[in-house]
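Asker: Provided below are the primary sequence and the corresponding predicted coordinates.
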Amino acid sequence: MPRAQDLYKLWSEHPYFDENTRAELRAIQDQPGEIEDRFYRDLAFGTAGLRGVLGAGTNRMNRYTVARAADGMARAIASHGGDALDRGIVIAYDSRHFSAQFALLCAQIFVGHGIRVRLFDALRPVPVLSFAIRHYKAAGGIMITASHNPARYNGFKAYGDDGSQLPPEQADAVVAFMDQLPDLTRLTWPDEAQARSSGLLEMIGEALDQAYQAMLLTLSINPDAVKRHRDMKIVYTPLHGAGNKPVRRVLAALGFEQVLVVPEQELPDGAFPTVAMPNPEERSALSMAIDLAEREGADLVIATDPDADRTGLCVRTREGTYMVLSGNQIGLLLTDYILSARQNSGTMPENPFVVTTIVSTKLMRKISAHYDVTLYECLTGFKFIGELIKEKDENGDMHYLFGFEESYGYLAGTAVRDKDAVVTSMLIAEMAAVARDRGQTLYDRLEDLYSRFGYAAEKTISLAMEGKQGLERIRLEMARLRREQADAFPGVPIRAIADYGGQVRLNLTDGKREALTLPQSDVLLYELDGLDWFCVRPSGTEPKIKLYFGCYTDDAASGEACLQQLLDQVAARIQVILNEDAS
């Protein structure tokens, strides 16, 4: 591992790197495996920007890898010429360790390139950053966060001028500029005092928050229902993140008077001391909120992740227990709520459309058809939903109503172009008030939805494979699955395979091939009988492979049985392949 050793020597000895970095690296001088993992590659900059474990090394999140990414993005924006420098960049950050420091560092680097910077004066969520980019007509944006990852992670999300995360071609342009700086020790930037006195650095405060909230309130569908049920108890937890103030403010502004916040999880804390991982889809992360809901008899529990782009939800069942809903279930409820409200009030626009991803619930096909609304299915990643909003609504003659992905990301309205847990929390609470008007809970609404459109048994599982060897095993497995096609899963009734890497769909019944029009992506989607399916894809942000499953039947018992059988067959086979490729 000569490259790793050479870089380790440079980082641990060169005076360019601060003493804490050099000391951290000297402490692992007798750990060749650790040295290899920290330096075998540069932390990858993809369509989600950077994300990785905090620490010293080229394959870690630290001030130097962040500086390299910020420098590449600054050069990319400067290369556009025109008014890009004055339109500038907006920078936000969440509650994670070093988020505020990394955000300021990015600001200093952009100022060093003569680019105007608007930096938030305290932590803010992803949707507020996206809104601010569009509000200020900025050339781009940066969010320092690792979303729902464990506390040892942080990240750098890069945004374009439309408020969406960078699409692949723009991310590639940033990488190209990053690669023009082979010697990191030549990268310099003005210090904080110089940046603040430059006239290029502006702090963003309360005025932007007020503009964002005013926009959110225009997306309320039935504020009168809230007035009738202002005393409805809602438990909310920001999981130590950036959602605390904006979520509570908008719920209060809408009229809810009994929003109970989990006190132990209220304040920002990058250590996330009350949870193993601040992921709102995990019941373990919501245990404190559920305990509070049980004590108070709350109708629902809402949770947001540290950067408040993902939303979790627990609803009270008829037995009084609390059920954690899946990302698909939340998306289905909100879609049905928004479309039915539009239809019933006569406010359905011409050419309406909704969006979800190819790995989200197929029940969306039935719901959108029922309301005569066009459904688009895009690749995983909310930037692709943002692209469709721009193409079909902003620059076309269609009207966007709602979009979501199964990984707990949702968006109503077009003033934000990324997942928005704040508007989602508002609409969930309002939907619960509307349900109360009918003597229902959200659990009842879900049961009613299944009775009208059929039952959906769905599940997503992740298989983590850390480090360089894990990434290689994932690569080998995807290559093997492509070679073996349906033979990889004996006994599973596969009818067609959509290979988004090769951009072709193979019909196994007649052998015909058809081109896929979505962008290239390392995804294999297997179509079974009816709407049933499963999918295999590497995560775009974490060292893991993700498996998605969906079975659709008339009742829950048969649906869950079908799902369990499919999951057992596919997951067992994937494990066998992984073990064989590891040997």
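Answerer: Nice, thanks for sending it over.
Asker: show me the contacts for Pro150.
Answerer: Taking CB atoms under 8 Å, 6 or more residues apart in numbering as the contact definition, Pro150 lies against Phe272, Ala276, Met277. C-beta coordinates here come from the backbone N, C-alpha and C atoms, glycine included.
Asker: thought the second one was touching Ser284?
Answerer: Just to be clear, that refers to Ala276. Yes: under the criterion of CB atoms under 8 Å, Ala276 lies in contact with Ser284, with a separation of 6.5 Å.
Asker: are any of the contacts of Pro150 buried, and if so which?
Answerer: Among those, those that count as buried by neighbour count (16 or more other CB atoms under 10 Å) are Phe272, Met277.
Asker: can I get the contacts of Pro150 in a markdown table with secondary structure?
Answerer: Output for the contacts of Pro150, formatted as a markdown table (DSSP: H, G, I helix; E, B strand; the rest coil):
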| residue | secondary structure |
| --- | --- |
| Phe272 | coil |
| Ala276 | coil |
| Met277 | coil |
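Asker: could I get the contacts of Pro150 in TSV, plus columns for pLDDT?
Answerer: Putting the contacts of Pro150 into TSV (pLDDT from 0 to 100) gives the following:
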residue	pLDDT
Phe272	98
Ala276	93
Met277	93
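Asker: let me know the closest of the contacts of Pro150 to Arg51.
Answerer: Met277 (14.1 Å; CB to CB).
Asker: may I have the phi/psi pair for the residue nearest to the closest one when sequence neighbours are not counted?
Answerer: Ranked by CB to CB, 6 or more residues apart in numbering and with sequence neighbours excluded, the top spatial neighbour of Met277 is Pro150, at 5.0 Å. Summarising the backbone geometry of Pro150 under the convention degrees, to the nearest 10, its torsions are phi -60, psi 170.
Asker: please apply the same query to Ala457.
Answerer: phi -100, psi 110.
Asker: mind listing the helices for the stretch 1-150 of the chain?
Answerer: Per DSSP state H, counting those that start in this stretch, the stretch 1-150 of the chain has helices spanning 2-13, 19-26, 32-39, 63-78, 84-87, 99-112, 126-136. These are given in chain order.
Asker: just checking, what packs against the longest one?
Answerer: Contacting helix 63-78 under the criterion 3 or more CB pairs under 8 Å, 6 or more residues apart in numbering; DSSP states H and E are the following elements: strand 50-53, helix 84-87, strand 89-93, helix 99-112, strand 140-144, strand 153-159, helix 168-179.
Asker: pull out the buried positions in it.
Answerer: For helix 63-78, a neighbour-count test (16+ other CB under 10 Å) marks 64-78 as buried.
Asker: identify, from the residues you listed, the entry nearest to Ala158.
Answerer: Using CB to CB, the shortest approach to Ala158 within the buried residues of helix 63-78 belongs to Met73, at 5.8 Å.
Asker: let me see the mean pLDDT of stretch 108-116.
Answerer: In this model, stretch 108-116 carries a mean pLDDT of 98.
Asker: residues in contact with Ile428?
Answerer: Counting by CB under 8 Å, 6+ apart, Ile428 touches Leu300, Ile302, Thr311, Leu313, Ile330, Leu334, Leu442.
Asker: got a list of contacts for the helix or strand containing the second one?
Answerer: Looking back up the chat, that one is Ile302. Under the criterion DSSP states H and E, the helix or strand holding Ile302 is strand 300-304. By CB under 8 Å, 6+ apart, the residues outside strand 300-304 that reach it are 125, 234-239, 241, 243, 247, 280, 285-286, 289-290, 293, 310-316, 322, 421-422, 425, 428-429, 432, 441-442.
Asker: of the contacts of Ile428, which belong to strands?
Answerer: Within those, residues falling in strands by DSSP state E are Leu300, Ile302, Thr311, Leu313.
Asker: can you pick out the most distant pair from those residues?
Answerer: The largest distance within these, taken as CB to CB, falls between Leu300 and Thr311 and amounts to 11.5 Å.
Asker: settle it for me: which of the two has more neighbours?
Answerer: Thr311 (29 against 24; other CB atoms under 10 Å).
Asker: wait, that one sits on Ile330?
Answerer: Yes: the pair Thr311 / Ile330 is scored as a contact, 6.9 Å apart, by CB under 8 Å.
Asker: list residues touching both of these two?
Answerer: Common neighbours of Thr311 and Ile330, using CB under 8 Å, 6+ apart, are Tyr408, Tyr410, Thr424, Ile428.
Asker: need the residues you listed in a markdown table (columns: pLDDT, secondary structure and distance to Ile144).
Answerer: Rendered in a markdown table, the data for the shared contacts of Thr311 and Ile330 read as follows (pLDDT from 0 to 100; DSSP: H, G, I helix; E, B strand; the rest coil; distance: CB to CB, whole Å):
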| residue | pLDDT | secondary structure | distance to Ile144 |
| --- | --- | --- | --- |
| Tyr408 | 96 | coil | 21 |
| Tyr410 | 98 | strand | 22 |
| Thr424 | 98 | helix | 22 |
| Ile428 | 98 | helix | 27 |
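Asker: if you rank the residues you listed by neighbours, which is first?
Answerer: Neighbour counts for the shared contacts of Thr311 and Ile330 were taken using other CB under 10 Å; the highest belongs to Thr424, which has 29 neighbours.
Asker: and the gap between it and Pro127?
Answerer: Computed as CB to CB, to the nearest Å, the Thr424 to Pro127 distance reads 9 Å.
Asker: also Ala252?
Answerer: From Ala252 across to Pro127, the span is 18 Å (CB to CB).
Asker: the two: who's more crowded?
Answerer: Neighbour totals were compared for Ala252 and Pro127, and Pro127 leads with 31 against 11 (other CB under 10 Å).
Asker: which residues touch the nearest residue to that one once chain neighbours are set aside?
Answerer: With sequence-adjacent residues excluded and distances taken as CB to CB, 6+ apart, Pro127 is closest to Asp420, at 3.7 Å. With contact set as CB under 8 Å, 6+ apart, Asp420 has these partners: Val126, Pro127, Ser130, Asp309, Tyr410, Leu411, Ala412, Gly413.
Asker: regarding the protein, what is its longest helix?
Answerer: The residue-count maximum for a helix in the chain (DSSP state H) belongs to helix 556-582.
Asker: and that one, what does it pack against?
Answerer: Right, helix 556-582 is packed against strand 455-464, helix 467-484, strand 533-538, strand 544-553 by 3+ CB pairs under 8 Å, 6+ apart.
Asker: want to throw the ones you listed into CSV with distance to Lys383?
Answerer: What follows is these, written out as CSV (distance: least, CB to CB, whole Å):
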stretch, distance to Lys383
strand 455-464, 20
helix 467-484, 22
strand 533-538, 16
strand 544-553, 18
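Asker: mean pLDDT for those: which is lowest?
Answerer: In terms of average pLDDT, helix 467-484 trails the rest of these, at a mean of 86.
Asker: Asp162 belongs to a strand, doesn't it?
Answerer: No: with three-state DSSP as the criterion, Asp162 is coil rather than part of a strand.
Asker: quickly note the distance from it to Phe404.
Answerer: The gap separating Asp162 from Phe404 is 19 Å, by CB to CB.
Asker: quick one: low-confidence parts of the stretch 51-200 of the chain?
Answerer: For the stretch 51-200 of the chain, no stretch is flagged by pLDDT under 70.
Asker: how would you label Asp510: helix, strand or coil?
Answerer: Under three-state DSSP, Asp510 comes out as coil.
Asker: give me the number of residues near it?
Answerer: Residue neighbour count, defined by other CB under 10 Å, stands at 7 for Asp510.
Asker: break the protein down into its domains, please.
Answerer: The domain map for the chain lists 41-204, 214-453, 455-582, with the assignment taken from automatic domain parsing.
Asker: could you dump these to TSV with distance to Arg3?
Answerer: What follows is the domains of the chain, written out as TSV (distance: least, CB to CB, whole Å):
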stretch	distance to Arg3
domain 41-204	9
domain 214-453	30
domain 455-582	12
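Asker: tell me which of those domains approaches Trp11 most closely.
Answerer: With CB to CB as the measure, domain 41-204 is the member of the domains of the chain nearest Trp11 (6.4 Å).
Asker: hmm, Thr380 and Gly327 touching each other?
Answerer: No: Gly327 sits out of contact with Thr380 when judged by CB under 8 Å, with a separation of 11.8 Å.
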